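**Student:** structure, please.
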Amino acid sequence: MIVSDLQQIEGRRYPARRRTQNLVGGAAPIQTPEFSMGYVTLDPDGGQVPWHNQEQVEVYFVVEGVGEMCLGEEVRELRAGQAVLIPSGVFHQLSNRGSTPLTFLYVYGPAGDVAHWRQELAGTLPAAGKDAPPLPAGAQFPQTTEPPEGGPVHI
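**Tutor:** Below is the predicted model of the structure:
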């Protein structure tokens, strides 16, 4: 039996103030070509998954906290117990609106690489409104595009 134990998975910190722990796919013990799954913690007051898109269909399920979800041209609050469908190719961003951590699960399929985490670590994430479509009207959190402290991470 192969088990992914969240308590045993260190995960990775990102410049946009989040920690991602792969449960299925990536560096996780469970591998399947059908989907990837992970657990993400956004730091209080603005930690985020920055504006990006990908080929895979994805779902975010908020476990705890409250966030601002930008999806295409829409903005709305997303709270614990809610899931959002992110269609293939649609730009999206989730930012923590609260003063406590926001935690969520992501699932996308099929499994495979998504470029945004590498771009974020390298400091090359396409900028909203410049190299990517603008954030939707009403978005309160700008996209985080700064490279990590100490310069880009080469992976």
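**Student:** low-scoring stretches of this protein, by residue?
**Tutor:** Where the chain drops to pLDDT under 70, the residues are 147-155.
**Student:** who does the residue nearest the centre of it bridge with?
**Tutor:** Nearest to the geometric centre of the chain sits residue 49, at 3.7 Å (CA atoms, centre = their mean). Taking DSSP bridges as the rule, residue 49 bridges to residue 94.
**Student:** quick one, what contacts the closest residue to residue 141 other than its chain neighbours?
**Tutor:** Ranked by CB to CB, 6 or more residues apart in numbering and with sequence neighbours excluded, the top spatial neighbour of residue 141 is residue 95, at 3.7 Å. Heads up, the C-betas are built off the backbone N, CA and C, glycines and all. The neighbours of residue 95, taking CB atoms under 8 Å, 6 or more residues apart in numbering as the test, are 42, 46-48, 67-68, 70, 140-141.
**Student:** kindly report the same for residue 43.
**Tutor:** 17-18, 96, 101.
**Student:** cool, and residue 112?
**Tutor:** Neighbouring residues of residue 112 by CB under 8 Å, 6+ apart: 36, 55-56.
**Student:** go again using 6 Å as the cut-off
**Tutor:** Going by CB atoms under 6 Å, 6 or more residues apart in numbering, residue 112 touches no other residue.
**Student:** can I assume it sits in a strand?
**Tutor:** No. Looking at residue 112 with DSSP: H, G, I helix; E, B strand; the rest coil, it is coil, so not inside a strand.
**Student:** still on that earlier bit, looking at the contacts of residue 95, spot the one nearest residue 118.
**Tutor:** residue 48 (16.8 Å; CB to CB).
**Student:** and the gap between the closest one and residue 70?
**Tutor:** 10 Å (CB to CB, to the nearest Å).
**Student:** tell me which element the residue lying closest to residue 28 once chain neighbours are set aside falls in.
**Tutor:** Closest residue to residue 28 apart from its sequence neighbours, by CB to CB, 6+ apart: residue 22 at 4.1 Å. Applying DSSP states H and E as the criterion places residue 22 in strand 18-24.
**Student:** and the contacts of that strand?
**Tutor:** When contacts are defined by CB under 6 Å, 6+ apart, strand 18-24 is touched by residues 4, 9, 11-13, 28, 30, 36-42, 47.
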